[in-house]
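>>> mind looking at a prediction? Sequence and model below.
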Amino acid sequence: MATSPSPVEHQTHCHALWEVDRPLSSQKGWNAGQTGPGPRSPRFPLQLSYRRGLELLQELRALQFDKVVFTGVDPDQFCELEVLVGQAATLGLRPALALPRLSLTRSALEQLRVAGLAEVELRLDAPTASRHNAITGQSASFRLTIAAARMAKRLGLALHIQSLVNSETLPCLRETARLAEKLGAEVWSAVYQVPLTAVEACSMLSANIVEESFAVLAELARDCRFELRTRYARHFRRYELQQGVGHKNPEVLPWRNGQPWREPVDSGPSLYVSHTGEVFADPMLPISAGNINFLPLARIYQGSGLFAILHNRTMLKGKCGICEFRELCGGSRARAYALTGDWMEADPACSYEPKRTRPLMREHLPAGDGSSRDLRV
Ligand code: SF4
């Protein structure tokens, strides 16, 4: 079953994130403590069984997903991960691993590579140990991340590094991205904060600062060897398009050395399955579309209102609903939900004013006032 991993596929748009298990488990995999033959014993009442997990992979392939990212599992602890990776590879799904904890051994990662693992995803939020560890709250996190990245590259695995973007990390974003490049990352994702707590809300960037940060991303996309993606910042697509449109010669803004400009890709999954089988559109959008313990995945993915509405941008509210870029962008539904309680509302991290709002603003200005505001429209 051995395969030689290929570089991260640039066309990968449709991938699923599957939280196979919850970390901090004292047991080793689904079958822990079980001796002899017999049915497997999931530790949580609704935790997906081993058999249902294998079926899930088949269902993802049948729905034409091209990649599955396993998360929530510690390769040294979870015995069945190797089988799941092998099954995914056999089905033609590109298997990737997002590591919740970093104390993995080379032998565990090597076994997964032999089983078919193609890619490793790591989180790197700052270019120095003190800053990264302070942000992640884990004292050895930086050292372990660097070690895991080097191990993955030595084993020939593709490397995808994700970096949080907020007020703490923005000042060193360039250096963080350069370190990701130095580590050999094929893909680097700028993950804009979706605040789930009051503390996170304080460190979220304002819409204007987000817009300014896009200039840094554009510069990195142009100069670095990795493929740059964003997460929870789909409006970077709008920014890039606006910048590109402003030039008569499209080669003024090459996407990467000598390559023609092309639409940046959002690195978020199209589907997230929790360890108990709940299906979500995104791990940061806690609205379940159904549970695969009770329904086939296809029925949930193709039949639930959640995905139908998400794919129908005409139902967006606020300025996202009338924005001329809504098909290209659509804003972050997770951030809209976190900050307004309504996942169809406008993305609060976007400062763009759609053309259709501009005449309205003018109409509502009192007579004889607003000449300075008129300059904006
Ligand atoms: S207003 Fe909404 S759809 Fe338009 S660019 Fe901003 S986030 Fe995207």
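Perfect, thanks for sending it.
>>> now do the domain split for this structure, please.
15-280, 312-377 (automatic domain parsing).
>>> ok, longest strand in this structure?
strand 158-165 (DSSP state E).
>>> and it, what does it pack against?
Under the contact criterion of 3 or more CB pairs under 8 Å, 6 or more residues apart in numbering; DSSP states H and E, strand 158-165 touches strand 119-123, helix 141-154, helix 173-182, strand 187-192. No exception for glycine: its C-beta is placed from N, CA and C like everyone else's.
>>> adding mean neighbour count, write those out as a markdown table.
Formatted as a markdown table, the helices and strands packed on strand 158-165 follow (neighbours: other CB atoms under 10 Å):
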| stretch | mean neighbour count |
| --- | --- |
| strand 119-123 | 23 |
| helix 141-154 | 18 |
| helix 173-182 | 19 |
| strand 187-192 | 25 |
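>>> not counting its neighbours along the chain, what's nearest Val120?
Ala152 (4.2 Å; CB to CB, 6 or more residues apart in numbering).
>>> okay, that neighbour: pLDDT?
Ala152 is assigned 95 on the pLDDT scale.
>>> check contacts around the residue of the stretch 51-200 of the chain found nearest the ligand.
Nearest residue of the stretch 51-200 of the chain to the ligand, counting by CB to the nearest ligand atom: Tyr192, 11.3 Å away. By CB atoms under 8 Å, 6 or more residues apart in numbering, the residues touching Tyr192 are Val165, Asn166, Leu205, Val210, Thr230, Arg231, Tyr232, Ala233, Ser332, Arg335, Ala349.
>>> is it true that Leu297 touches Val68?
No: counting by CB atoms under 8 Å, Val68 is not a contact partner of Leu297; they are 11.9 Å apart.
>>> now list whatever residues contact both of those two.
Common contacts of Leu297 and Val68 (CB under 8 Å, 6+ apart): Leu60.
>>> tell me which of those two has more neighbours.
Val68 (27 against 23; other CB atoms under 10 Å).
>>> what about Ala334, how many neighbours?
Neighbour tally, Ala334, other CB under 10 Å: 23.
>>> list the residues that contact it.
Val194, Tyr232, Asp282, Met284, Leu285, Trp343.
>>> against Leu104, how distant is it?
28 Å (CB to CB, to the nearest Å).
>>> roughly how far apart are Ala289 and Phe142?
From Ala289 to Phe142 the distance is 37 Å (CB to CB).
>>> and the longest strand of the chain, C-alpha only, in CSV?
Listed next in CSV are the C-alpha coordinates belonging to strand 158-165 (Å, rounded to 0.1, in the frame of the first residue of the first chain):
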residue,chain,number,x,y,z
ALA,A,158,3.8,17.5,2.1
LEU,A,159,3.7,20.2,4.8
HIS,A,160,0.8,22.6,5.3
ILE,A,161,1.4,25.3,8.0
GLN,A,162,-1.4,27.3,9.4
SER,A,163,-0.9,30.6,11.3
LEU,A,164,-3.4,32.5,13.4
VAL,A,165,-3.9,36.1,12.4
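>>> what average pLDDT does that strand get?
Mean per-residue pLDDT for strand 158-165: 96.
>>> name the strands paired with it and say parallel or antiparallel.
In the sheet, strand 158-165 lines up against strand 119-123 (parallel), strand 187-192 (parallel) (DSSP bridges).
>>> near the ligand at all, the longest helix belonging to the chain?
Of all segments of type helix in the chain, defined using DSSP state H, the longest is helix 207-223. No: figure legend: helix 207-223 not in contact with the ligand (CB under 6 Å from any ligand atom); closest approach 8.7 Å.
>>> now tell me what touches that helix from outside.
165, 167, 170, 173-174, 177, 188, 190, 192, 205, 228, 230, 233, 235-236, 239-240, 243, 253-256, 264, 348-352.
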